[in-house]
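[1] With the sequence up front, the predicted model follows.
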Amino acid sequence: MLRAGRIKAFAEAIWQWYGSHKRRLPWRDLLEEDGTQRAYKVLVSEIMLQQTQVQRVVMTYKRFLEVFGTLEDLAGASNAEVVRAWRGMGYNSRALRLRDCARAIVGTQSAFPHDMAGLQSLPGIGHYTAAAIRNFAFGISTPCLDTNIRRILHRTCIRAERADGTWHKNDAYLLCLAGEALQRALDRDKPERTTAEWHAALMDFGSLVCTKRNPKCRSCPLAAQGLCKAAYKVRAQKNISATRAEPGREMAGRYVPNRIFRGKIVEELRDAPHGLTLRDIGARICIDWSPHEHERWLKSIVEKLQRDRLLEGKANGRLYLMRG
């Protein structure tokens, strides 16, 4: 089958599957007439979904918007207020980037830019997030690649990924494929087939069927129609990133990365309005805490959190979530 025909058939198969399997998520099908408010809610969801599973995001997303309902609310928040509202999400620096993005918008024109250049000029906004805002908030058809879309297009049109999980084609090539697929997916005679729905369909398909490991090829409509070049060829991939040497240390017979300790430190300080000393923190997050053995190591993590504007130290030797 020629590429154009394959992509058209691929798009139709995705639409048919999505009609029965669409997920209902709080950041979809937004009813706000104000484009800036829609874009704000989409932005919050996209930043939260980075490196975090959907079900974990759902409750935090609702709670976060109850605290910071508008761009202006978030722009006026301190570091500590934002990190507290981010509870349960991890990767707390994302919360500060989100707040800084709100400040940048409010400080210039109090409205989201619609063009890719303007969106990507905002703090922490890359190509994918900018395109997602255009697709989901403004209905502007914009090809984009997230992990799900990249995986689906590569497997369908090229081949299975290598044994180490890397791709045979780069993102520039895949973005062209994404553009072709988007063009074929939208139909003037079917106005319900919007760019927002198309990208939601791909993300749902990648999350539920064409998964990273052990994809459900036996129930996949693409495999059934002979549209997937990787069908039944994707093996359970070894998680290469998890096996790389990552800073951390042994605790209770298990290697714990420093990023886990970072999250624990922030979690302890969320509920400590009067702050904690370095040794207080060590005793709370390390079951084998020994000041003599671990204080220098813990201090290096705290210093990194301070550089990331998550913590601040006071003259009294106590640490706090940064209030600035």
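    Ah, there it is.

[2] residue contacts, Met82?
    You called it Met, but residue 82 is Val. Phe68, Leu74, Ala95, Leu96, Leu98, Arg99 (C-beta atoms under 8 Å, 6 or more residues apart in numbering). For every residue, glycine as well, the C-beta is placed using N, CA and C.

[3] Let's see that with 7 Å instead.
    Applying C-beta atoms under 7 Å, 6 or more residues apart in numbering, we find Val82 in contact with Ala95, Leu96, Arg99.

[4] Report the next helix or strand after the host helix or strand of it in sequence order.
    Here Val82, judged by DSSP states H and E, is contained in helix 79-85. Later in the chain than helix 79-85, the nearest helix or strand by DSSP H and E is helix 93-108.

[5] For the following helix or strand past that following helix, give me every contacting residue.
    The helix or strand immediately downstream of helix 93-108 is helix 116-120, counting by DSSP H and E. Helix 116-120 is touched from outside by Pro113, Ile125, Gly126, His127, Ala130, Ile133, with contacts defined as C-beta under 7 Å, 6+ apart.

[6] Relative to Tyr128, how far out is the nearest residue to the first one once chain neighbours are set aside?
    Nearest residue to Pro113, sequence neighbours excluded (C-beta to C-beta, 6 or more residues apart in numbering): Leu119, at 5.5 Å. In this structure, Leu119 and Tyr128 are separated by 11 Å, where distance is defined by C-beta to C-beta, to the nearest Å.

[7] Compare the two (neighbour count), which wins?
    Counted by other C-beta atoms under 10 Å, Leu119 and Tyr128 do not tie: Leu119 has more neighbours, with 24 against 18.

[8] And the more buried one, what's its pLDDT?
    If you check Leu119, the pLDDT there is 95.

[9] swap in Gln109?
    63.

[10] oh, and call the first residue 444 from now on, that's how I've got it
    All right, first residue 444 from here; so that's Gln552.

[11] mean confidence for stretch 504-513?
    96.

[12] Give me the longest helix you can find in the protein.
    In the chain, assigned by DSSP state H, the helix with the most residues is helix 446-464.

[13] In it, which residues are buried?
    Of the residues in helix 446-464, Arg449, Ile450, Lys451, Ala452, Phe453, Ala454, Glu455, Ala456, Ile457, Trp458, Trp460, Tyr461 count as buried by neighbour count, 16 or more other C-beta atoms under 10 Å.

[14] and what of stretch 614-628?
    For stretch 614-628, by 16+ other C-beta under 10 Å, it's Leu617, Leu618, Leu620, Ala621, Glu623, Ala624, Leu625, Arg627, Ala628.

[15] which stretches of the stretch 594-743 of the chain aren't confidently modelled?
    678-688 (pLDDT under 70).

[16] which stretches of it form strands?
    691-694, 697-700, 719-720 (DSSP state E, counting those that start in this stretch).

[17] Give me the contacts around the first one.
    When contacts are defined by C-beta under 7 Å, 6+ apart, strand 691-694 is touched by residues Tyr698, Val699, Pro700, Asn701, Cys729, Ile730, Asp731, Trp740.
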